[in-house]
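Undergrad: predicted model, plus sequence, below.
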Amino acid sequence: QVQLQESGPGLVKPSQTLSLTCTVSGGSITTNTDYWSWVRQPPGKGLEWVGAIAYSGSYYSPSLKSRTSIIRDTSKNQFTLHLSSVTPEDTAVYYCAKWGNYSYDYWGQGTQVTVSS
């Protein structure tokens, strides 16, 4: 059973960089078939794909690409989202999730991030 757990600050000031880490257990992030993803849900809105990292490389939402970086630490079985120059519009619940078998088959519980001064 794969488990994912998000961690990071719940409050970030405007113009700063938001950094969240997803720790994975019960599975390896080095598989060549899975995409380890970040998805967010702003208040009152639907789910928005932020980006993913896979054996083949990193992939980002076109609307966020200029501000987004996802890196992985294979020694810790973790992957980390960095989102720079945040604004209040980046306030959301952020989820890490595993895409495999043509669907998101495992999700973290989500973490609230608020951008405010």
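TA: Structure received.
Undergrad: going by C-alpha atoms from here, please, whenever you check contacts or count neighbours.
TA: Fine.
Undergrad: Provide the backbone phi and psi angles at residue 67.
TA: Dihedral pair for residue 67: phi -110, psi 0, per degrees, to the nearest 10.
Undergrad: which pLDDT does the model give it?
TA: pLDDT for residue 67: 97.
Undergrad: and stretch 41-55, what's its mean pLDDT?
TA: 97.
Undergrad: list the buried ones in it?
TA: Buried residues in stretch 41-55, counted by 16 or more other CA atoms under 10 Å: 41-42, 49-54.
Undergrad: can you list contacts of that stretch?
TA: The set of residues external to stretch 41-55 that reach it, using CA atoms under 8 Å, 6 or more residues apart in numbering, is 29-40, 58-61, 64, 68, 70-72, 89-94.
Undergrad: quick check: end-to-end length of that stretch?
TA: 26 Å (CA to CA, to the nearest Å).
Undergrad: and if you look at stretch 59-75?
TA: Per CA to CA, stretch 59-75 runs 21 Å from first to last residue.
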